[in-house]
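In: take this sequence and fold it.
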Amino acid sequence: MRIAYLGYDMLSPCLTALADSGCQVVGVYSFPTDNVYEFNREVRAFAEARGIPFTEKRITLEEIHRLKDAGCQAIFCAGYIYKVPVDHSIPIVNVHPALLPVGRGAWPMPVVILRGLDVSGVTLHRMEPELDVGDILLQEAFPVGPEDTLETMTAQIRRVGAKLCRQVMTDLPGYWAAARPQGEGEYWQEPTEADRTITPDTLPEEVDRILRAFLGFDCYLRMEAGDRLVVGGRFRPMEHNRPFGAEEALPGGGMRYYVRGGAVETEG
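Out: You can find the predicted model right below:
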């Protein structure tokens, strides 16, 4: 099957899985990334190694029509930030990192941890003009434990997403025809800077959830002199009488910042 792929590196195993399933990838569409938190190096390298056209330009309805006229039979979207013009004359499959219909939205993974949920998953669904509402082709759940972080959840999503892409390609027309409506769902707003901010009043269990939910991204300690940036912090419960935000260097180059009920520690 000739397909086009839309996405970046977070779900790049899906692209590899589709190719390994026998798909001929005729185009890879990504977007400009900051190469700090988001990357498209893997999908770019995949395309360049195989002589596949690669672009960071937003896909248009005209481009979808061009792809279809050139023999493209389906489009897979996996973490593409631009709104995709939906043309029902060609199947467009979206890989969504949550168990729809709950968890609609652009960044559901941190919300799972912030809410203390014990399960998440991946859903393959038909793309519709409205965000994340299309009929479900396949989905699979995985457990989320009290030690899981954004990084460990992302690793699970990459694994499950690739697995579902391989499965759906065993009979895409059949899965497409049998897709089931989602029904009433729940949209999760993208987390804000406030969701990543720890104050003197933040309870210890909430500090832990915030750090795990955004591991690898910026979190903040709300100080009187201004917010202190913390990246890659872990919460360590401990008794102490240090003021909020007091800091000390750790062996190996890391830092410790004292918060309510413990400390936030970063590696060097």
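In: check contacts around the nearest residue to Gln24 once chain neighbours are set aside.
Out: Setting aside the residues directly before and after it, Gln24 is nearest to Arg2 in space (Cβ to Cβ, 6 or more residues apart in numbering), at 4.8 Å. For glycine as for every other residue, the C-beta is placed from the backbone atoms N, C-alpha and C. For Arg2, the contact set (Cβ atoms under 8 Å, 6 or more residues apart in numbering) comprises Cys23, Gln24, Val26, Gly71, Cys72, Gln73, Ala74.
In: what helix or strand is Thr33 located in?
Out: Remark: Thr33 resides in no helix or strand, with elements defined by DSSP states H and E.
In: hmm, Asn40 and it touching each other?
Out: Yes. Checked against Cβ atoms under 8 Å, the pair Thr33 and Asn40 is within contact range at 4.9 Å.
In: higher neighbour count, the two?
Out: Neighbour comparison, Thr33 and Asn40: the larger count goes to Asn40, with 23 against 16 (by other Cβ atoms under 10 Å).
In: ok, for Trp179, nearest residue in space, not its chain neighbours?
Out: Heads up, residue 179 is Ala, not Trp. Counting by Cβ to Cβ, 6+ apart, the nearest residue to Ala179 once its immediate chain neighbours are dropped is Asp135, at 3.6 Å.
In: ok so, going back, mutual contacts of Thr33 and Asn40, please.
Out: Common neighbours of Thr33 and Asn40 (Cβ under 8 Å, 6+ apart) are Tyr8, Asp9.
In: residues near the residue nearest to Ala179, how many?
Out: The criterion is other Cβ under 10 Å. On that basis, Asp135 has 14 neighbouring residues.
In: and what of Glu267?
Out: The number of residues packed around Glu267, counting by other Cβ under 10 Å, is 11.
In: ok, Arg234 next?
Out: 16.
In: could you pull out the helices for the stretch 101-250 of the chain?
Out: With DSSP state H, counting those that start in this stretch as the definition, the stretch 101-250 of the chain shows helices at residue ranges 109-114, 150-168, 172-177, 204-213.
In: in a markdown table, list those helices along with mean neighbour count, distance to Gly252 and mean pLDDT.
Out: Converted to a markdown table, the helices of the stretch 101-250 of the chain look like this (neighbours: other Cβ atoms under 10 Å; distance: least, Cβ to Cβ, whole Å; pLDDT from 0 to 100):
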| stretch | mean neighbour count | distance to Gly252 | mean pLDDT |
| --- | --- | --- | --- |
| helix 109-114 | 22 | 26 | 98 |
| helix 150-168 | 19 | 20 | 98 |
| helix 172-177 | 14 | 50 | 98 |
| helix 204-213 | 20 | 19 | 98 |
